[in-house]
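Engineer: Coordinates only, no sequence provided:
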């Protein structure tokens with residue numbers, strides 16, 4: 001079975017530099033995750049995320065270790081995920097591309113796979129969970145960053 005993945009792109013009415021200032025610090029966007037409960041900063045490259053995951057048939061408390069693997073100013077932040085509450089691992093990233101002085105294309109990507117004897121069941125459930133949550137988080141970041149257009 002393929003690893004559950006999701007990618008979502010949206011245009012943001014904000015300059016690339018503003019988008020980067022927001023993205024480079026995960027504490028800015030971690031609270032925007034669906035089901036967010038909390039996060040703990042361990043150091044500038046490590047944190048833990050705690051959130052409720054709606055897995056269709058049930059809601060589950062999920063805790064992940066997050067390690068920032070790449071900060072490529074002004075366009076990319078990439079991270080690895082390791083399950084603290086469940087045997088999962090994965091990776092994600094945000095990429096930003098300037099579309100002009102006041103507009104940026106923001107793309108979110110996430111892949112997570114279950115491990116161990118429950119892997120097949122977990123991956124089956126996450127194949128819908130992951131894309132929905134990537135879209136939700138990417139839209140929430142875009143909404144937080146977008147400059148309202150004057151009427």
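Structural biologist: That came through fine. Worth saying up front: this structure is predicted, and the values here are computed from it rather than measured. Numbering: from 1, shown residues only.
Engineer: The residue nearest to residue 76 when sequence neighbours are not counted: what's it in contact with?
Structural biologist: The spatially closest residue to residue 76, leaving aside those adjacent along the chain, is residue 95, at 5.0 Å (Cβ to Cβ, 6 or more residues apart in numbering). Backbone N, C-alpha and C define where each C-beta goes, glycine included. Contact partners of residue 95, counting by Cβ atoms under 8 Å, 6 or more residues apart in numbering, are 75-76, 106-107, 109.
Engineer: quick one: secondary structure of residue 95?
Structural biologist: Taking DSSP: H, G, I helix; E, B strand; the rest coil as the rule, one finds residue 95 in the strand state.
Engineer: Distance check, it against residue 3.
Structural biologist: If you measure residue 95 against residue 3 using Cβ to Cβ, to the nearest Å, the figure is 19 Å.
Engineer: Do you have the strands of this protein handy? List them.
Structural biologist: For the chain, the strands defined by DSSP state E cover 5-12, 36-43, 46-54, 59-72, 76-83, 88-100, 103-114.
Engineer: Please point out the stretch among these with the lowest average pLDDT.
Structural biologist: Sorting the strands of the chain by mean pLDDT places strand 46-54 lowest, at a mean of 88.
Engineer: Give the buried residues for it.
Structural biologist: 47-51, 53 (16 or more other Cβ atoms under 10 Å).
Engineer: Go ahead and confirm residue 65 touches residue 81.
Structural biologist: Yes. With contact defined as Cβ atoms under 8 Å, residue 65 counts as touching residue 81 (7.1 Å).
Engineer: Looking at these two, which one has more neighbours?
Structural biologist: Between residue 65 and residue 81, counted using other Cβ atoms under 10 Å, residue 81 has the larger neighbour count: 18 against 15.
Engineer: Would you check that that one makes contact with residue 64?
Structural biologist: Yes. Using Cβ under 8 Å, residue 81 is in contact with residue 64, at 4.9 Å.
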